[in-house]
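Chemist: Provided below are the primary sequence and the corresponding predicted coordinates.
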Amino acid sequence: MQKKVNRMLTVKQKKILDYVTSSANHHGYSPSLEEIASHFGLSAISTVHHHVKALRIKGYLKKEKNQPRGASPLERTSDSVEIPLLGFIAAGTPIEPIENPEPIKVPNNLISKRGDYYALKVKGDSMIEDGIWDGDLVVIKSQQTADNGDTVVAVTEGGATLKIFRSKNGTIFLEPRNKRLENIYPQSLEIRGKFVGLIRKN
């Protein structure tokens with residue numbers, strides 16, 4: 001029986017795919033593994049190769065025969081599914097509902113058949129080091145639990161926020177991905193969902 005491939009992208013995979021796609025569109029050819037590593041400030045080519053291989057397996061990149069540049073973008077179908085856009089999320093404030101929210105279309109690869117999903121529009125720059133920018137739409141899988149290192153929608157006594165869930169030596173805290181900001185150590189915490197992908201609005 002053929003194993004089904006999980007096509008969801010991590011933040012790092014999405015950033016590399018965006019770079020390969022934009023570079024290929026601009027230059028007419030894809031960047032080499034060395035060029036990708038240099039662009040992202042990585043010293044290990046093996047790390048880039050790992051992400052590129054994952055993108056090939058998931059069907060986002062294709063291997064070019066007799067070409068030294070590794071992989072090029074793969075044309076994908078426009079298959080999509082609708083999920084509700086519930087509102088805006090920013091650090092330390094409640095989720096701000098959108099008046100008369102309408103469903104938005106997201107690529108099928110961001111959604112698995114199991115679970116409920118929704119989208120939120122990001123306000124602020126607390127997650128920019130993970131490639132999540134102000135104005136991005138984040139796709140969230142609705143759930144009430146989280147593993148250490150998951151990016152989650154969390155509700156604390158200060159409101160709702162998108163942060164990395166951390167548990168260390170019995171202490172639970174929320175980590176921003178912006179070196180200018182400090183960790184949040186909540187008195188109360190409720191997990192509302194796990195980040196599974198993003199859609200960049202240009």
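Modeler: Okay, I see it.
Chemist: what's the neighbour count on the residue nearest to Lys168 when sequence neighbours are not counted?
Modeler: Leaving out its chain neighbours, the residue that sits closest to Lys168 by CB to CB, 6 or more residues apart in numbering is Asn148, at 8.0 Å. C-beta: built from backbone N, CA, C; applies to glycine. Number of residues near Asn148 (other CB atoms under 10 Å) recorded here: 10.
Chemist: helix/strand/coil for Asn148?
Modeler: Judged by DSSP: H, G, I helix; E, B strand; the rest coil, the three-state class of Asn148 is coil.
Chemist: for it, grab phi and psi.
Modeler: Main-chain dihedrals, Asn148, degrees, to the nearest 10: phi -60, psi 120.
Chemist: give me the number of residues near Val11?
Modeler: So Val11, with other CB under 10 Å, has 17 neighbours.
Chemist: likewise Gln144?
Modeler: By the criterion of other CB under 10 Å, Gln144 has 9 neighbours.
Chemist: thought it was touching Leu189?
Modeler: No: contact between Gln144 and Leu189 fails when scored by CB atoms under 8 Å: they sit 10.8 Å apart.
Chemist: now the helices for this structure?
Modeler: In the chain, the helices defined using DSSP state H lie at 11-27, 33-39, 45-57.
Chemist: quick one: buried residues of the second one?
Modeler: Residues 33, 35-37 are the ones in helix 33-39 that count as buried (16 or more other CB atoms under 10 Å).
Chemist: then stretch 115-124?
Modeler: Quick answer for stretch 115-124 (16+ other CB under 10 Å): 117-124.
Chemist: cool, and stretch 139-146?
Modeler: Across stretch 139-146, burial judged by 16+ other CB under 10 Å covers 139-141, 146.
Chemist: cool, and stretch 164-182?
Modeler: Neighbour count says stretch 164-182 has 164-166, 173-178 buried, by 16+ other CB under 10 Å.
Chemist: quick check: domain ranges of this structure?
Modeler: As given by automatic domain parsing, the domain ranges for the chain are 11-73, 80-199.
Chemist: which secondary element of this protein has the worst mean pLDDT?
Modeler: Lowest on mean pLDDT, DSSP states H and E among the helices and strands of the chain sits strand 71-73, with a mean of 60.
Chemist: what is the burial count for Lys58?
Modeler: Using other CB under 10 Å, Lys58 is surrounded by 17 other residues.
Chemist: thought it was touching Leu9?
Modeler: Yes: with contact defined as CB under 8 Å, Lys58 reaches Leu9; the gap is 7.2 Å.
Chemist: distance from the chain centre to stretch 194-202, please.
Modeler: Here stretch 194-202 is found 5 Å from its chain centre; the criterion is CA atoms, centre = their mean, to the nearest Å.
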